[in-house]
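Undergrad: Sequence plus predicted model, see below.
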Amino acid sequence: AWRNDPTSPTTVPPTEDPHKWSGKTHWTNDTGQTIVFDPESANRAVAVLEQTERLRLAGRMGLMTKWGSYCIAVSAGKSATGSALLVGGPQMGFRTPQIAHEIHLSGAGIDCIGMGFAGIPGVLIGHNQYLAWSTTTAVNDQTDVFIETLNPDDAAQYRFKGQWKRMEKRVETIPVAGGEQVKLEVFRTVHGPVVQWDKPHNIAYSRQSTYWDRETDTTGAMYRFQTAKSVAEFGDACKLISTGHNFFCADQKGDIGFWFCGKTPIRDPSVDPRLPIPGEGDHEWRGMMSFADQPQIINPKQGFLVNWNNKPAVWWDNYDTPAWGGIWHSARIAELLAAKKYVTPEDLRNVLLDIGTNDQAAEVLLPLLNEALKKEFKVALSGAKPEEQPDWMATAKAAGYLAAWDHHATEGSVAKTIFDAWLQQVREDLFSKPFGFIPSKDLFNTAMQPSLVLHVLLAKKSPVPVGFDYLGAKTPEAVMVQALARAVTKLEKERGPQMAAWRYTRGAINFSPLVSIPSTDRGTYIQIVECSKPQVRGTNICPPGQSERIDSPHFADQRELAGWFFFKPMLTARDEIEKSGAAGK
């Protein structure tokens, strides 16, 4: 679990970043040694990471359990229209009815249109008469768990700065439908609410968060977004955001901007922020990072800004999650934009189509495999154990599919099926034996992410040194080629000997009781806005429809548009609304 991979894609271009990276690739202890964990610690981490009960409860309550989003901003100088462009695509999963709703606010000095969802006042993502904006989830580690030492004679007391301090206590009364009400005692230390007790060991765990008692500040920022007239004014409002969000803006002047938002703690440098921190007062937070010191930029020289929940800046470290690495899907967006001298709104739609099926792991790992196959195909296969001797002809045929593949998960792609099987086999070959356990396939794949596979296969060429010899006596080329041979053998057993029949199925976005649409990695809501003069113009899509009422004509009128990746105009002018026939409906 590396601290920083300097090759991981960033939103702020490294060449234009005033901050410098520390050069530290791993978390280290006081003596400079890389911190490692024993198997018992790993198992405890697994229990936390899976969050099974939390996600199950959220699902029963109809709450969002998926957080992502992509955003693109293009400056006037890079735009083929001469006006700044902005794409917003929050990813919150799909359901019927839609979790998001469209909204047009007009009055009291506000005239803006876009998207919101229950609990968010006004427009969260959209545009007004002067600019457009969007947001993605920022991975900003804003909470820490502190270990509180309890008084053996009184568990409601904890030691802080050499004295026993009494916890704050309140009682919450929770009504239960069809049952008796429940009384819940809530305890709080100087750090925050107690989230777990270990009374046999005289310990409690409390969680400190930077945004406590500041949660509603964000609503003030949103009001200012809706009335802002420039990128600079929008950025000034971002100072009010307490929780972790990336915000992007493009205005009629042609400017674009990005701000990494949220209160960020300045920690004691002697602690590992991924682990619980001693709470007796010797390792307290040392204030908050200033907003100006957090990642942000206006008008980068490249003429565009990209974010898909990626690392904001090269110097920003990994904390709890995720481990940003050399393989990250935002790189594909940047690649497509950089390849064009000027970008049109239609180009942006095509970018979204492309990234919806692009496999970024294949973009990075497959060239390594293809090169290994060219150089050491027979040598690598000959190193397999006698009982594992593969079918050379079948492996060579699979290699042909991979060499001709465009790295997209298109319906019916044989190469995608082969690549997925190979990547899974490489993971198991490299990591299942050293770790000795696979708690679940999904968790195993999350932890043993493609970037970790990349670091291991690059060996000494990796920018992030790997602290364990996963390769053993084998070369990276042998590992890759033998994994392909084993993957092909498994596919033959599972799918039959006809390789042409190993067709990949993309799946579908479920809009039950409506007909589904083909699945792509896309925004739950998407807008493409041109900050043109005299009027900002945008298009959007919010499938399957705006209304929650199944008897409404707007319950499902955007499902088919979304299936074809079409958009509809975001109308704000009264005469245009009336001409469209939408007024009063």
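TA: Thanks, I have it. The structure presented is a predicted model; accordingly, all values stated were derived computationally and were not measured. Numbers count the residues shown, from 1 in each chain.

Undergrad: From the chain's centroid, how far away is stretch 75-92?
TA: 20 Å (CA atoms, centre = their mean, to the nearest Å).

Undergrad: How about stretch 520-530?
TA: Relative to its parent chain, stretch 520-530 has a centroid offset of 15 Å by CA atoms, centre = their mean.

Undergrad: what distance separates the start and the end of that stretch?
TA: End-to-end distance of stretch 520-530 (CA to CA, to the nearest Å): 24 Å.

Undergrad: which residues sit against the lengthiest helix in the chain?
TA: In the chain, taking DSSP state H as the definition, the longest helix is helix 360-382. Counting contacts by CB atoms under 8 Å, 6 or more residues apart in numbering, the residues outside helix 360-382 that touch it are 326-329, 331-332, 389-390, 392, 395-396, 399, 402-403, 405, 407, 416, 419, 422-423, 450, 453-454, 457-458, 475-478, 480-482, 484-485. (C-beta placed from N, C-alpha, C; glycine too.)

Undergrad: try it again with 6 Å
TA: 327, 329, 332, 399, 403, 407, 419, 450, 457, 477-478, 480-482, 485 (CB atoms under 6 Å, 6 or more residues apart in numbering).

Undergrad: what angle separates the next helix or strand after that helix from helix 360-382?
TA: Sequence order places helix 392-403 as the next helix or strand after helix 360-382, per DSSP states H and E. When axes from the mean of the first three to the mean of the last three CA atoms, to 10 degrees is applied, the directions of helix 392-403 and helix 360-382 differ by 160 degrees.

Undergrad: average pLDDT across helix 392-403?
TA: Across helix 392-403, pLDDT averages out at 93.

Undergrad: buried set for it?
TA: Under the neighbour-count criterion of 16 or more other CB atoms under 10 Å, helix 392-403 has 394-396, 398-399, 401-402 buried.

Undergrad: then that helix to PDB, C-alphas only?
TA: Extracted as PDB, the C-alpha positions of helix 392-403 are listed here (Å, rounded to 0.1, in the frame of the first residue of the first chain):
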ATOM      1  CA  TRP A 392       0.800 -23.600 -27.200                       C
ATOM      2  CA  MET A 393      -1.500 -23.200 -30.300                       C
ATOM      3  CA  ALA A 394      -4.500 -22.000 -28.200                       C
ATOM      4  CA  THR A 395      -2.200 -19.600 -26.300                       C
ATOM      5  CA  ALA A 396      -0.800 -18.200 -29.600                       C
ATOM      6  CA  LYS A 397      -4.300 -17.800 -30.900                       C
ATOM      7  CA  ALA A 398      -5.400 -15.900 -27.800                       C
ATOM      8  CA  ALA A 399      -2.300 -13.700 -28.200                       C
ATOM      9  CA  GLY A 400      -3.500 -12.800 -31.700                       C
ATOM     10  CA  TYR A 401      -6.900 -11.600 -30.400                       C
ATOM     11  CA  LEU A 402      -5.100  -9.500 -27.800                       C
ATOM     12  CA  ALA A 403      -2.700  -8.000 -30.300                       C
END
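
Undergrad: and stretch 499-517, how far out from the chain's middle?
TA: 24 Å.

Undergrad: how about it: buried residues?
TA: 499, 502, 504, 506, 509, 511, 514, 517.

Undergrad: for stretch 490-497, same thing?
TA: Neighbour counts using 16+ other CB under 10 Å place 491-492 of stretch 490-497 among the buried residues.

Undergrad: Dump that stretch to PDB, restricted to CA.
TA: Taking Å, rounded to 0.1, in the frame of the first residue of the first chain, the C-alpha atoms of stretch 490-497 are listed here in PDB:
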ATOM      1  CA  LYS A 490      -9.600 -22.300 -17.800                       C
ATOM      2  CA  LEU A 491     -11.600 -20.600 -20.500                       C
ATOM      3  CA  GLU A 492     -11.600 -23.800 -22.600                       C
ATOM      4  CA  LYS A 493     -13.000 -25.700 -19.700                       C
ATOM      5  CA  GLU A 494     -15.600 -23.100 -18.900                       C
ATOM      6  CA  ARG A 495     -16.600 -22.000 -22.400                       C
ATOM      7  CA  GLY A 496     -15.600 -24.800 -24.700                       C
ATOM      8  CA  PRO A 497     -12.800 -25.100 -27.300                       C
END
